[in-house]
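Student: structure of the sequence below:
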Amino acid sequence: MDNNSLECPNCEEPLKLEEKRVYTVKSEIQKYTLEKIKCSRCGAQTITSDKKEVTPGLNPASRESAPKPEEKRERDWTIECQCPKCGKNSVLTVVSEDNKWYQTGLDLISRCFPYRNIPGYEIINTGLCYDCQQKVYSTMNYDQYTLEELKKLTNEYIITHRDNGGSSEFDKSINNISRALIRKFHETNGSCFLGKIHQRKKLTEGEKAKLIPYSGQLVYNFEYDFTLSQEDECLIDLLTICNNNISNETINSIFDRIKELGGMHLFWV
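Tutor: This is a model prediction of the structure:
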């Protein structure tokens, strides 16, 4: 594709290539190229595709809506996945056309295979078998674990879902792990303060960021980003600066200060 000849539909400025992704789907499909180009003046984005190399049916424009769960279509494609924890093989059948679409990475797995359930999505996504999903994703009581064990569980969760950015839309167990970590941190250190790196509401002039004491209250998903055993004026100042003018330098300084104080990060999905 020659993007040099493309102009922004808004301001007619030449479009600049921002991202290029090339998909190769199985052996029967050669190549699918998707390019995201962005106008340097107004920021408008345009997505183009190499239609010559796309197998019919895989062009994004040709799949306007996902198949409905009640549609009767032959599941003529077998997906076999090996569980990364126990090594057991899981076999699922899907419609081959849906599998081709899923392999492009252009749609949600739930839209590609609407007739499969959530455990089935997780098998396709991570390979975890049904039995291991029950062990890993059950809403178990994590209070039985030590602080170090909870930190290990957090790392294992991120590693398990590393191909999806460290989280899964189907696995919410990290939320229970984080809440248990807060309780155990409080129990271990005798005190616990919770903080948010970037507040949802801008601080007024002269107002400072706050660390909230934990005393057993309910903690909602994404409400806090880290725990500390004590308040710290230096960190409060950094959080205040970050709230008014966020920057990578300030974020890195906050992370460094939390580490120096022996704090712990919280993860949510």
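
Student: make it CA atoms for all contacts and neighbour counts henceforth
Tutor: Fine.

Student: helix or strand next in line after the longest helix that the chain contains, which one?
Tutor: With secondary structure taken from DSSP state H, the chain has its longest helix at helix 173-189. Note on helix 173-189: by DSSP states H and E, the next helix or strand toward the C-terminus is strand 193-195.

Student: now do whichever strand or helix holds residue 158: which elements does it pack against?
Tutor: Using DSSP H and E, residue 158 sits in helix 147-160. Applying 3 or more CA pairs under 8 Å, 6 or more residues apart in numbering; DSSP states H and E, one finds that helix 147-160 contacts helix 173-189.

Student: where exactly do the helices run in the protein?
Tutor: Going by DSSP H, the chain shows helices at 96-103, 109-112, 118-126, 130-137, 147-160, 173-189, 233-244, 248-260.

Student: looking at these, which is closest to residue 209?
Tutor: Residue 209 lies closest, by CA to CA, to one member of the helices of the chain: helix 233-244, at 5.0 Å.

Student: please point out which parts of that closest one sit buried.
Tutor: Across helix 233-244, burial judged by 16 or more other CA atoms under 10 Å covers 235-236, 238-243.

Student: pLDDT averaged over it, what's the number?
Tutor: Per-region confidence: helix 233-244 scores 89 on mean pLDDT.

Student: tilt between it and helix 248-260?
Tutor: Interaxial angle of helix 233-244 relative to helix 248-260 (axes from the mean of the first three to the mean of the last three CA atoms, to 10 degrees): 150 degrees.

Student: how far out from the middle of the chain is helix 233-244?
Tutor: 27 Å (CA atoms, centre = their mean, to the nearest Å).

Student: how about the contacts made by the nearest residue in space to residue 76 that is not next to it in sequence?
Tutor: In space, and not counting its chain neighbours, residue 76 is closest to residue 95: 5.4 Å by CA to CA, 6 or more residues apart in numbering. Contact analysis of residue 95 by CA atoms under 8 Å, 6 or more residues apart in numbering lists 73-77.

Student: how far away is residue 95 from residue 128?
Tutor: 21 Å (CA to CA, to the nearest Å).
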